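Enquirer: how would this look folded up:
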Amino acid sequence: MNVQSKTLTAAVLAAGLCLAVTGCTKSGSSDSGGDSRSSTAANDNAAASQQVASPSAAGPGCTYKTYGGGVPQLDITDGKTLVGFSQSESTSNPFRATETKSIEQQAKKLGVKLIQRNANADVNAQNSQIEDMIAQGAKVLIVAPENSDGLGPALAKAKSAKIPVLTIDRTVGGTACTGFMAFIGSDFYHQAQIAADDLAGATGGEAHVAILTGTPGNNVTTDRTKGFEDQAKAKYPKMKIVASQTGNFSQTDGQKVMEQLLQSHSDINAVYAENDEMALGAIQAVRSAGKTPGKDVKVVSIDGIEQAVKNVAAGRMVSDIETNPRFGPLAFQALRDFYGDTGVQPKVIIKDGHFTADNAKQALDQGLVY
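Expert: Predicted coordinates:
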């Protein structure tokens, strides 16, 4: 997606935030200088806001009348109804910081009474925290899952209490409008296809690639791995994946793993990191090995955090595919549509930017990164 296309007028933004219009109603060390932008500033930038790419299907959406056989209708903006937000990981991660701030800001803007918990990458803690919010009186939940399959106990508790659950940025197991309301997030498989294309373009289609995969057990890791592997196999027969190992979406782990891989595979000349934190770690590992990132080893990543996009602009990374974390407006619009007549589609896919050498500096100047 061309970055310029994300510049919106206030009127277009207002329309884009209404899901009904479309039928659906972790921080890295510094590698370069420049002014940093706070997550608050990024959330206030209209041009950086999430936009809907597509709902998963046309037709009636999920409403309070159809969810799990029916749940009570609520006015989430009455200042009394308690909305719970469960964050999966530490806000030391720019993605999580921006995501949390977006939820907080939109709740404040709408007059929503919000309570929240952070599981710090512990799925058992997330289950307990969700159950705790239910015990405190939360009537509807927004959940950023740590693990796609590990929230069964909390979801079961919510279902039995007739408390709807909206999932953002990662999916959960179960059926939409039965075990959870809907999912809002990126097309992770397609992100990985773009990453493969970018890495092939930077290496002439001939490369020995190391993949730093994300935390096991969630759809983001699964889709970002499969999308890259499928694209490489289908289009770039001379681009060989010589190593693939989890860096747990962590800069520290990413650096350690990359150091090990460079020692055991001296032929690695390309890295696909499934998030920017691991990419930043990989760049440090490449330097520690006496090589130059961007020259000796080409790096492509996904997320769109400020430091990674700076690396793209400086030539240390080939590209960075955005995952927009500013879920607040779309998430709360989904809840309002759910409690109205429009409903929300089971899967709402957002548009993401694509930061390359051609547009990275402009994206930084315009505050489109986080």
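Enquirer: all helices of the stretch 1-150 of the chain, in order?
Expert: For the stretch 1-150 of the chain, applying DSSP state H, counting those that start in this stretch gives helices covering 10-16, 39-44, 94-110, 123-135.
Enquirer: Let me fix that, I meant to ask about the stretch 151-300 of the chain.
Expert: Going by DSSP H, counting those that start in this stretch, the stretch 151-300 of the chain shows helices at 152-160, 188-203, 219-235, 251-264, 276-288.
Enquirer: Highest average neighbour count across those helices: which stretch is it?
Expert: Using mean count of other C-beta atoms under 10 Å, the stretch among the helices of the stretch 151-300 of the chain with the largest mean neighbour count is helix 276-288, at a mean of 26. Any C-beta I mention is one placed from the backbone N, CA and C, and that applies to glycine too.
Enquirer: Just want the angle from it to helix 251-264.
Expert: Put simply, helix 276-288 runs at 40 degrees to helix 251-264, going by axes from the mean of the first three to the mean of the last three C-alpha atoms, to 10 degrees.
Enquirer: Report the mean per-residue pLDDT for helix 276-288.
Expert: Mean pLDDT, computed over helix 276-288, is 98.
Enquirer: got it, and stretch 135-145?
Expert: Computed over stretch 135-145, the average pLDDT equals 98.
Enquirer: cool, and stretch 101-113?
Expert: Stretch 101-113 shows a mean pLDDT of 98.
Enquirer: which regions of the protein sit below the pLDDT cut-off?
Expert: 1-44, 56-58 (pLDDT under 70).
Enquirer: at 50 what do you get?
Expert: For the chain, residues meeting the criterion pLDDT under 50 lie at 1-40.
Enquirer: now Ala144: how far from Glu99?
Expert: Distance, Ala144 to Glu99, using C-beta to C-beta, to the nearest Å: 7 Å.
Enquirer: ah, wrong one, I meant Val369
Expert: Taking C-beta to C-beta, one finds Val369 at 14 Å from Glu99.
Enquirer: Next: Pro55.
Expert: As defined by C-beta to C-beta, Pro55 lies at a distance of 21 Å from Glu99.
Enquirer: cool, Met317 as well?
Expert: 22 Å.
Enquirer: quick one: which of the two has more around it?
Expert: Met317 (32 against 29; other C-beta atoms under 10 Å).
Enquirer: so what's the more buried one up against?
Expert: Listed by C-beta atoms under 8 Å, 6 or more residues apart in numbering, the contact set of Met317 reads 279, 283, 293-294, 299-301, 308, 311.
Enquirer: Can you select the buried ones from those residues in ChimeraX?
Expert: Here is the ChimeraX selection string for the buried members of the contacts of Met317, based on 16 or more other C-beta atoms under 10 Å:
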select :279,283,293,294,299,300,301,308,311
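Enquirer: out of the contacts of Met317, which one sits closest to Asp230?
Expert: For the contacts of Met317, the residue nearest Asp230 by C-beta to C-beta is Val300; the value is 15.8 Å.
Enquirer: so who does that closest one touch?
Expert: 195, 198-199, 202, 270-273, 279, 317-321.
Enquirer: try it again with 7 Å
Expert: The neighbourhood of Val300, defined by C-beta atoms under 7 Å, 6 or more residues apart in numbering, consists of 195, 198-199, 272, 317-319.
Enquirer: Now those in JSON lines, please, with extra columns for distance to Leu74.
Expert: Conversion of the contacts of Val300 to JSON lines gives the following (distance: C-beta to C-beta, whole Å):
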{"residue": "Ala195", "distance to Leu74": "40"}
{"residue": "Asp198", "distance to Leu74": "44"}
{"residue": "Leu199", "distance to Leu74": "47"}
{"residue": "Tyr272", "distance to Leu74": "43"}
{"residue": "Met317", "distance to Leu74": "45"}
{"residue": "Val318", "distance to Leu74": "47"}
{"residue": "Ser319", "distance to Leu74": "43"}
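Enquirer: Just the closest of these to Ile211, please.
Expert: Tyr272 (4.9 Å).
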